[in-house]
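Trainee: this is a predicted model, with the sequence first.
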Amino acid sequence: MSMEYVLLKDGRRFSLDELRSRYSLSIFQVEHFYAVCEFMAAREALSPIEHKALVNLYALKSSRVRNLAALAYFLQTEADTCKRVAVHEDGIEVLQAFVPQQSQERVSQGPWRASYITRATVLFIVFKAVLHRLFRLFDRASGISASMVRGWVDVTASMYGQEMTDSRVRLYPFPYGVLRQWRFLRDCRRRGLDVTLSGLPYGAPKVLRMLLSRQPSARLVVAAEVQAYQRYANELLAQGVERVYTSDEFEIAAVALYETLLAQGVSVVNTAHGVGLYAPYVAYSEFRGVNFAQADFYRLRYPSLHPQVRAGKNTRLGLGTVDEVRELPPSIVLIDQNFADFHCLAEAQALNSIRESLERLSVDCAVPLFVKVHPNSKDEQVERPGRATLARTWEMLAGYRPIFVTVNSTAWYDVQGYGPVLVCDERSFFPEIYFGSDLERFRLEDLESRVQPLFDPARWYDAAKCHERRGVSQS
């Protein structure tokens, strides 16, 4: 297979993987990317529901589609730097559709003959299907329960604590944490809840075809997933289910389940799995997100979705509130994120540059600098010579009025009420995706000049109170 590349006018040459790594993963959470996923899925000419599932699969699991979207984004934003693009025919088609008129040379490397998903993705889905079939053997549900909570681990209780007491709680396979799920099941039983293991009725013939296919097939994955979810919808309708509480916008074919249920008058409430954006095609009566910008994303393709901002999205931290610490000396707090674990190269580079800039400011202004370490970061990832003090807990930041700085951590929400937060707005980072509008943004070149004025108590207090109010009155 020929090598695909982009040749710049200055002589530098990038593979598509290298080109993609120049950008934040945020470019894969904007409408440009989802339009590329739609375009690629439309080439398969599937049924409407399978098309939706395929778009979701490409959006969440296809490195190839991400590479093509990154290439189109590059030519939309930096075309004047490019001399030649050499890609396979699917890439040429994407460029003709999304960047039709450009001056650079475009060279076809012939048909793209590989799959759009990996063998590892297929094997994981097969493994998931087997687990679902096993869970069905232990489904102890009996009688009719009009309300059900779809759950996996203990986070379900934080989302639907009250609803769990009045519903049947169904727990589905969670291969990322078997012991964690077992503890959750045990706790539910100790509380006397109506809880059972459950699984989707994956069809053995389709799963076997998917497993035995000579090349990983996105079409076969979609067919197996859609069939399982539609079958499950019919089972739930036969059981008299009228309300479903869930958190599964990351499942590629859940849309097939809920479109069927909603068409029969079932109410479906989804609570956001996190701050990010997952499958573009969903179907819910109500979506409880962390901000309205997130709900607006899902409403694009399901307009009847009713958005709500989750109550109690903040975490109670071991710090003094804004009013309690306003007279204390200032500190700078860089919120660490474990980007290296997820190969987020652009974000990791930005985090390192931010830390270097804040180290300089800390020395120049004699203001302490803390790095609030991510729970999953290893010591060797955050320890380095310098002025910063590593804080494994929020309590270690006590005694100061903190100025928080982040790339795009969900701690932006946690620290509301504790201090102002500056978020990174480098090219391709798009913080509004995660946090809405009206943000305290910075670029690397102006970070120090944005932080330093907040050393003043009055300006710090105004900025902190502004952040405390963010998200409360958006609509």
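Mentor: Structure received.
Trainee: what are the contacting residues of stretch 182-194?
Mentor: With contact meaning CB atoms under 8 Å, 6 or more residues apart in numbering, stretch 182-194 is reached by 145, 151-154, 156-157, 164-165, 167-169, 171, 195, 197. All C-beta spots, glycine's among them, are computed from the backbone N, C-alpha and C.
Trainee: first vs last residue of stretch 4-15, how far apart are they?
Mentor: 6 Å (CA to CA, to the nearest Å).
Trainee: buried ones in that stretch?
Mentor: Going by neighbour count (16 or more other CB atoms under 10 Å), the buried part of stretch 4-15 is 4, 5, 6, 7, 14.
Trainee: could I get those residues in JSON lines, plus columns for distance to residue 440, secondary structure and pLDDT?
Mentor: What follows is the buried residues of stretch 4-15, written out as JSON lines (distance: CB to CB, whole Å; DSSP: H, G, I helix; E, B strand; the rest coil; pLDDT from 0 to 100):
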{"residue": "4", "distance to residue 440": "40", "secondary structure": "coil", "pLDDT": "95"}
{"residue": "5", "distance to residue 440": "39", "secondary structure": "strand", "pLDDT": "96"}
{"residue": "6", "distance to residue 440": "35", "secondary structure": "strand", "pLDDT": "97"}
{"residue": "7", "distance to residue 440": "39", "secondary structure": "strand", "pLDDT": "97"}
{"residue": "14", "distance to residue 440": "33", "secondary structure": "strand", "pLDDT": "96"}
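Trainee: can I get these in TSV including distance to residue 441?
Mentor: Listed next are the buried residues of stretch 4-15 as TSV, based on distance: CB to CB, whole Å:
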residue	distance to residue 441
4	34
5	34
6	29
7	33
14	28
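Trainee: could you single out the nearest of these to residue 117?
Mentor: Ranked by distance to residue 117 (CB to CB), these are led by residue 4 at 18.2 Å.
Trainee: which positions in stretch 250-268 come out as buried?
Mentor: 251-262, 266, 268.
Trainee: what does stretch 57-64 give?
Mentor: For stretch 57-64, by 16+ other CB under 10 Å, it's 57, 58, 59, 60, 61, 62, 64.
Trainee: so which of those residues are in helices?
Mentor: The helices, defined by DSSP state H, take in 57, 58, 59, 60, 61, 64 from the buried residues of stretch 57-64.
Trainee: which ones are touching the residue lying closest to the first one once chain neighbours are set aside?
Mentor: Using CB to CB, 6 or more residues apart in numbering and skipping residues adjacent in sequence, the residue nearest residue 57 is residue 252, 4.7 Å away. Contact criterion CB under 8 Å, 6+ apart gives 53, 56, 57, 60, 61, 222, 225, 279 as the residues in contact with residue 252.
Trainee: now swap in residue 298 and tell me
Mentor: Shown in contact with residue 298 (CB under 8 Å, 6+ apart): 249, 277, 280, 282, 284, 287, 289, 305.
Trainee: got any ranges where the protein has weak pLDDT?
Mentor: 1-2, 311-315, 376, 380-381, 385, 470-475 (pLDDT under 70).
Trainee: and the furthest pair within the buried residues of stretch 4-15?
Mentor: Taking CB to CB, no two of the buried residues of stretch 4-15 sit farther apart than 4 and 7, at 11.1 Å.
Trainee: can you give me the buried ones in stretch 421-435?
Mentor: Applying 16+ other CB under 10 Å to stretch 421-435 flags 421-426, 428-435 as buried.
Trainee: between which two of those residues is the distance greatest?
Mentor: 421 and 428 (20.3 Å).
Trainee: coming back round to it: from the buried residues of stretch 57-64, pick the one nearest residue 30.
Mentor: Nearest member of these to residue 30, counting by CB to CB, is residue 59, at 11.4 Å.
Trainee: quick one: contacts for the closest residue to the closest one other than its chain neighbours?
Mentor: Closest residue to residue 59 apart from its sequence neighbours, by CB to CB, 6+ apart: residue 37 at 4.8 Å. The contact partners of residue 37, by CB under 8 Å, 6+ apart, come to 55, 58, 59, 62, 65, 69, 280.
Trainee: what about the third one, distance to residue 65?
Mentor: Remark: distance between residue 59 and residue 65 (CB to CB, to the nearest Å) = 8 Å.
Trainee: and the end-to-end length of stretch 395-407?
Mentor: 22 Å.
Trainee: tell me how far it is from the chain's mean position?
Mentor: Mean C-alpha position of stretch 395-407 versus that of the full chain (CA atoms, centre = their mean, to the nearest Å) differs by 25 Å.
Trainee: and stretch 297-311, by the same measure?
Mentor: 16 Å.
Trainee: stretch 346-359 too?
Mentor: 22 Å.
Trainee: and for stretch 175-191?
Mentor: 24 Å.
Trainee: likewise for stretch 179-199?
Mentor: Distance, centroid of stretch 179-199 to centroid of chain: 27 Å (CA atoms, centre = their mean).
Trainee: what does stretch 79-90 give?
Mentor: With CA atoms, centre = their mean, you get 29 Å for stretch 79-90.
Trainee: mind exporting it as PDB, just the C-alpha atoms?
Mentor: Output in PDB follows, covering the C-alpha atoms of stretch 79-90 (Å, rounded to 0.1, in the frame of the first residue of the first chain):
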ATOM      1  CA  ALA A  79      -4.100  25.500   2.700                       C
ATOM      2  CA  ASP A  80      -1.600  28.200   1.800                       C
ATOM      3  CA  THR A  81       1.200  26.100   3.500                       C
ATOM      4  CA  CYS A  82       0.500  23.000   1.400                       C
ATOM      5  CA  LYS A  83       2.200  22.000  -1.900                       C
ATOM      6  CA  ARG A  84       1.000  18.400  -2.400                       C
ATOM      7  CA  VAL A  85      -1.400  15.900  -1.000                       C
ATOM      8  CA  ALA A  86      -1.100  12.200  -1.800                       C
ATOM      9  CA  VAL A  87      -3.900  10.100  -0.500                       C
ATOM     10  CA  HIS A  88      -6.100   7.100  -1.500                       C
ATOM     11  CA  GLU A  89      -9.200   7.600  -3.500                       C
ATOM     12  CA  ASP A  90     -11.500   7.800  -0.400                       C
END
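Trainee: would you mark the buried spots in that stretch?
Mentor: 82, 85, 86, 87, 88, 90.
Trainee: got it, and stretch 89-102?
Mentor: Buried residues in stretch 89-102 (16+ other CB under 10 Å): 90, 91, 92, 93, 94, 95, 98, 99.
Trainee: residues touching the fifth one, list them.
Mentor: So the one you mean is residue 94. So residue 94 contacts 36, 39, 40, 68, 69, 71, 72 (CB under 8 Å, 6+ apart).
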